[in-house]
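Colleague: whatever this is, show me its structure:
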Amino acid sequence: MLEKFFKLKENKTDIRTEIIAGITTFMTMAYILAVNPGILAATGMDQGAVFTATALSAAIATLVMALLAKLPFALAPGMGLNAFFAFTVCIGMGHTWQFALTAVFLEGIIFVLLTAFNVRELIIKAIPINIKHAISVGIGLFIALIGFKNAGIVIGHDATLVHLGSIIDISTNASPIVALITLLITGALLARKVKGALLIGIFVGTVVGIPFGVTQMPTSFDLTPPSLSPIFAKFEWTEILTMDMALVLLTFLFVDLFDTVGTLIGVTSKANMLDKDGRIPRVKQALFADSIGTTLGAVLGTSTVTTYVESAAGVSEGGRTGLTAATTGILFLLALFFSPIFLMIPSAATAAILILVGVMMFTPITKIDLDDYTEAIPAFLTIVMMPFTFSIAEGIVFGMLSYVILKIMTGKFKDISIVGVLLALLFILKFFID
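Modeller: Predicted structure coming up:
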């Protein structure tokens, strides 16, 4: 039944590969179960309730992706968007978390409509093939940077922006050494073509972290999920026509739109799933899953749900169908009842995996036309601006804007579409709004 529904043979995969890929994706993004409640709790939201909302919204949205789009992508409340929710909208602007949840709910409704009328699909089609490959490479550098940062190998520094952390000072922070050990062991497994290398690496990193004090063993095994009642459907409709709501809603829309587009394109490119015209299979269904996730997530009580770049970990393990996503979604449901076990996985272990996924995401660079500067420069800007600005969306902005401008300046009008020009104008307007 699974073979027929997900067309495993047609996609050159099997049940074992898909399940391992799904577990790997879950393990690399399970940190959101701990991080998202911590961030949103800063607004006054009940932390336990947010944990339940995070797990449920991720499970449902990912299962919709699995069953509707049949693609190997997982979804969960997005990092960056949750920080904007908590620290900008609530703490910075002084709004209630109910106000912010209302903005997320409206964003989801708008995205459902944009997807129904093919607007988001048109945007994806308007992105040139070289920039699509560049997005994959840029995401590779971006998630590698996240990995280095999460491990403490790279840290912030006033003078040079980033700086090498204390690698061997295990007395104060052993995370870097645990991450490097995990990186080397997992790298050796990959080189030997061991099936499930990334998943094995996460397990190894967790075990290695125990004597270093990096892996925190559970103190209790309470298997009862916290109640959703403190945050369920808590909307605030009194300010939906204010300028603040408009600004917040536009920011959520812009960042979510291009983060999702970038992730879908980048991971699909890495998996060699783009067709000859650079199109993503069943992209409309994938965008519906994203829209439904955001809308439902707001009702449950969490920030914007989006397609996760960590899906690349599962794709790198061979995941090619919705069975990968279904496995990840089921694990998010199980996490509701076994949170102490899943939450003991240290960031040092998953950080090493993200660095290695960065290596894997880099391979489409060989497909980019680097001889034509009107293609090479936009591709380069797309790649480097993602890690430099810590944003997939900003990388797409610089890549598309430079692409359109360079093509116009060199008279290559046939290479650009009307939608591409409209996107460039939108990006210019964004700079003035910011």
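Colleague: by contact count, what packs against the helix or strand hosting Lys407?
Modeller: Lys407 belongs to helix 392-409 when assigned by DSSP states H and E. If you count contacts as 3 or more Cβ pairs under 8 Å, 6 or more residues apart in numbering; DSSP states H and E, helix 392-409 packs onto helix 129-151, helix 243-270, helix 373-389, helix 418-433. Where you see a C-beta, it was placed from the backbone N, CA and C, and this is true even at glycine.
Colleague: please identify the most buried of those helices.
Modeller: Ranked by mean neighbour count, those are led by helix 129-151 with a mean of 25 (mean count of other Cβ atoms under 10 Å).
Colleague: what is the subsequent helix or strand relative to that helix?
Modeller: Sequence order places strand 154-157 as the next helix or strand after helix 129-151, per DSSP H and E.
Colleague: what's the helix or strand of the chain at the bottom of the mean pLDDT ranking in contact with?
Modeller: Counting by mean pLDDT, DSSP states H and E, the weakest-scoring helix or strand in the chain turns out to be helix 339-342, with a mean of 73. Here helix 339-342 makes contact (Cβ atoms under 8 Å, 6 or more residues apart in numbering) with 30, 33, 51, 55, 218, 220-222, 225, 335.
Colleague: filter those residues down to just the buried residues.
Modeller: 30, 33, 51, 55, 225, 335 (16 or more other Cβ atoms under 10 Å).
Colleague: shaky segments in the protein?
Modeller: Residue ranges of the chain with pLDDT under 70: 342-343, 433-434.
Colleague: all strands for it, in order.
Modeller: For the chain, the strands defined by DSSP state E cover 75-77, 154-157, 161-164, 305-307.
Colleague: just name the most buried of those.
Modeller: For the strands of the chain, the highest mean count by mean count of other Cβ under 10 Å goes to strand 75-77, at a mean of 31.
Colleague: that strand - contacts with which helices or strands?
Modeller: By 3+ Cβ pairs under 8 Å, 6+ apart, strand 75-77 packs against helix 32-40, helix 47-64, helix 283-300, strand 305-307.
Colleague: who wins for proximity to Glu317 among these?
Modeller: helix 47-64 (16.2 Å; Cβ to Cβ).
Colleague: gap between the helix holding Lys407 and the chain center?
Modeller: 22 Å (Cα atoms, centre = their mean, to the nearest Å).
Colleague: buried ones in that helix?
Modeller: Result for helix 392-409 [16+ other Cβ under 10 Å]: buried residues 392-407.
Colleague: closest to Ala348 out of the helices and strands packed on helix 392-409?
Modeller: Once those are compared by Cβ to Cβ, helix 129-151 is nearest, at 5.3 Å.
Colleague: distance of the residue nearest the centre of the chain from Ile146?
Modeller: In the chain, the centroid-proximal residue (Cα atoms, centre = their mean) is Tyr308; its distance is 2.6 Å. Tyr308 sits 12 Å away from Ile146, going by Cβ to Cβ, to the nearest Å.
Colleague: kindly report the same for Leu333.
Modeller: Taking Cβ to Cβ, one finds Leu333 at 26 Å from Ile146.
Colleague: quick check, distance from stretch 63-72 to the centre of its chain.
Modeller: On Cα atoms, centre = their mean, the centre of stretch 63-72 falls 16 Å from that of its chain.
Colleague: possible to save the helices and strands packed on helix 392-409 as a markdown table with distance to Thr17?
Modeller: Listed next are the helices and strands packed on helix 392-409 as a markdown table, based on distance: least, Cβ to Cβ, whole Å:
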| stretch | distance to Thr17 |
| --- | --- |
| helix 129-151 | 21 |
| helix 243-270 | 16 |
| helix 373-389 | 29 |
| helix 418-433 | 37 |
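Colleague: so which of the ones you listed gets nearest Leu199?
Modeller: Once the helices and strands packed on helix 392-409 are compared by Cβ to Cβ, helix 129-151 is nearest, at 16.2 Å.
Colleague: and stretch 153-171, how far apart are its ends?
Modeller: 15 Å (Cα to Cα, to the nearest Å).
Colleague: what of stretch 82-102?
Modeller: End to end - Cα to Cα - stretch 82-102 spans 14 Å.
Colleague: check contacts around Met65.
Modeller: 71, 73-75, 286, 289-290, 307, 322, 325, 329.
Colleague: once you drop chain neighbours, what's closest to it?
Modeller: Among residues not flanking Met65 along the chain, Ala289 sits closest, at 4.0 Å (Cβ to Cβ, 6 or more residues apart in numbering).
Colleague: what about that neighbour, neighbour count?
Modeller: 28 (other Cβ atoms under 10 Å).
Colleague: likewise Lys367?
Modeller: 16.
Colleague: these two touch, right, it and His133?
Modeller: Yes - between Lys367 and His133 there is a contact under Cβ atoms under 8 Å: 4.8 Å.
Colleague: tabulate the CA atom coordinates of stretch 218-238 in CSV.
Modeller: C-alpha atoms of stretch 218-238 as CSV (Å, rounded to 0.1, in the frame of the first residue of the first chain):
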residue,chain,number,x,y,z
PRO,A,218,16.1,13.5,31.9
THR,A,219,15.2,14.1,35.5
SER,A,220,11.7,12.8,35.1
PHE,A,221,9.6,10.9,32.6
ASP,A,222,6.2,12.6,32.8
LEU,A,223,4.4,11.4,29.6
THR,A,224,1.3,13.6,29.9
PRO,A,225,1.3,16.5,27.3
PRO,A,226,0.6,19.9,28.8
SER,A,227,-2.9,21.4,28.1
LEU,A,228,-3.4,23.8,25.2
SER,A,229,-6.2,25.7,26.9
PRO,A,230,-4.2,28.7,28.0
ILE,A,231,-3.3,29.7,24.4
PHE,A,232,-5.9,27.9,22.2
ALA,A,233,-7.6,30.3,19.7
LYS,A,234,-6.7,33.3,21.8
PHE,A,235,-7.1,36.0,19.2
GLU,A,236,-7.4,39.8,19.6
TRP,A,237,-9.6,41.4,16.9
THR,A,238,-9.7,45.0,18.2
